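[1] Sequence first, then the predicted structure, then my questions.
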Amino acid sequence: MASTTHPTGTGTGSSWIVIVSAGVAAGLQVWKLPPALPYLRHDLSLPLVQAGTLLGIVQLAGMLGGLAISLLAELIGERRCLSLGLVLLFLGSAGGGFAWSAAPLLASRAVEGAGFILVAVTGPGLIRRSTPPGRFTTAMGFWGAYQGISTFAGLITGALVLQVVPWRVWWWAMAVLALAPLPFVLARVPRDGVRGARAAAAALARIGRTVRAPAPWTAGLVFACYTLQWMAVVGFLPTIYRDSGMTGIWPGVLSALVGAANAIGSITTAAFMKRGLPARVLLIPAFTLMATTSLLAFVPHWRALPAGTTWQFLCVAAFSLIGGAIPAALLSMIGELTPTGGSAPATMGLIQQLFNAGSFVGPTLAAWLATRTGGWQSTWWMTCACAAVGMVLSLRLRLRPGATVPVVDATTALATSAQPSEPSRRR
């Protein structure tokens, strides 16, 4: 049974750390932008809505090609896909440093998006394949936190670096950083097996069964309800703080701490789930609290109150901390959401596709609302609407028939929905 089989760790003990590091390097390409937005808007004459598109377009490749990437991973191997993703991230960031207007910068961000989705879809499968059973839940918890980690690192480093160097130098430095994990991936992550025509046909059949199942679609929409609001709020947080009169490095530092809170939430949730907390019970309370904290963050006129900025920061930090439970919970349910005979990489690809759709729409929608209403106070309309839809969809999540509920089994079930053509997984 899927629920009783554990992943076979065929790599070194530190393989999962290398893979999470690759995820963080990919996430940094998303989060290098928010602290640079004021400089980009001045240098390239970008309106606010176009700046929102820049924030979201890196997710476009994932929005359109998550399933295609899962098929590519089944055909050529996850390690090769992840390595290719790091190379594309390097090329996109290096090319973006030469952009002279919005159009080439948008194009370079799209290339980065292709690299990002290659890393994001293949990372969980590689962790499954290379991590010893005793470390698997911890490894997946850190994978669920890679966006929060990269948010913290990107925002705080960007806030400091951009005080002394132009944004183009920041772009080129991040290109080098994107390529940094590649030698370690090649040295420590297990090689992909040989694929043939029969494996390709079997992969297509598994992906077809996955796409026809309702559970991956529902989970992906739940994920999108989370990421749409989180990306919109955190992506524009440096801009929100600057618009409120904050100067210097503080907008970037406070935004970075909000990103770190998300990582802490995800890692802490994984630790609780490892001790038996069911993943499904977390979703509705997390959405409820995200809606509540976003209301508290954006409805009051904090600038008119004593220590108002501090209280608003605490509300946004709580919003991010609580939100970290949602990716940790959903990632732990991948095995249970994959239909019998389906493909876990395809489930991850489909969820990632919808996740990226939310990340793409969120910043643009937030910028549009701010432009139409004359400020960021209307942001709560979007966050509360997303939370409400997320709660309704969470009630409709259905486990695979015969799957067990305990979270440890749910996490390790991810191991058994892999490519059965790999000899190492045959019984």
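    Yep, that arrived.
[2] for this structure, which spans come out with low pLDDT?
    1-13, 193-198, 399-427 (pLDDT under 70).
[3] Nearest the geometric middle of it, what residue?
    What sits nearest the mean C-alpha location of the chain, by Cα atoms, centre = their mean, is Gln147, with 5.1 Å.
[4] chain center to the strand or helix carrying that residue: distance?
    Using DSSP states H and E, Gln147 maps to helix 146-161. Distance of helix 146-161 from its chain centroid, counting by Cα atoms, centre = their mean, to the nearest Å, is 14 Å.
[5] so the helix or strand following that helix versus helix 146-161, what angle?
    Counting by DSSP H and E, the next helix or strand C-terminal to helix 146-161 is helix 167-179. Angle, helix 167-179 to helix 146-161, by axes from the mean of the first three to the mean of the last three Cα atoms, to 10 degrees: 140 degrees.
[6] got a list of contacts for the next helix or strand along the chain from helix 167-179?
    Once the chain leaves helix 167-179, the next helix or strand it forms, by DSSP H and E, is helix 182-188. By Cβ atoms under 8 Å, 6 or more residues apart in numbering, the residues outside helix 182-188 that reach it are 11-12, 14-15, 18-19, 21-22, 79, 82-83, 86-87. Quick note: C-beta positions are derived from backbone N, CA and C, even for glycine.
[7] Tell me the one of those residues nearest Thr269?
    The closest of those to Thr269 turns out to be Ile19 (Cβ to Cβ; 19.7 Å).
[8] how much space between that closest one and Leu330?
    19 Å (Cβ to Cβ, to the nearest Å).
[9] Just want to know which of those two has more residues nearby.
    Ile19 (33 against 24; other Cβ atoms under 10 Å).
[10] now for whichever strand or helix holds that one, which elements pack on it?
    Under the criterion of DSSP H and E, Ile19 resides in helix 15-31. Applying 3 or more Cβ pairs under 8 Å, 6 or more residues apart in numbering; DSSP states H and E, one finds that helix 15-31 contacts helix 78-96, helix 102-130, helix 133-144, helix 146-161, helix 167-179, helix 182-188.
[11] closest one to Met290 among those helices?
    helix 146-161 (14.4 Å).
[12] now what about the closest one, what contacts it?
    Helix 146-161 has contacts (Cβ under 8 Å, 6+ apart) with 20, 23-28, 30-32, 34-36, 123, 170, 173, 234, 238, 249-253, 255-266, 320, 324, 327.
[13] and if you look at stretch 389-397?
    215, 218-219, 221-222, 225-226, 280, 283-284, 287-288, 326, 333, 337.
[14] Tell me which of those residues fall in strands.
    Assignment to strands by DSSP state E places none of these there.
[15] If you rank those by neighbours, which is first?
    So for the contacts of stretch 389-397 (other Cβ under 10 Å), the most neighbours sit at Leu337, 31 neighbours.
[16] you'd agree it is up against Pro216?
    Yes. Counting by Cβ atoms under 8 Å, Leu337 does reach Pro216; the two are 5.4 Å apart.
[17] Good, wrapping up.
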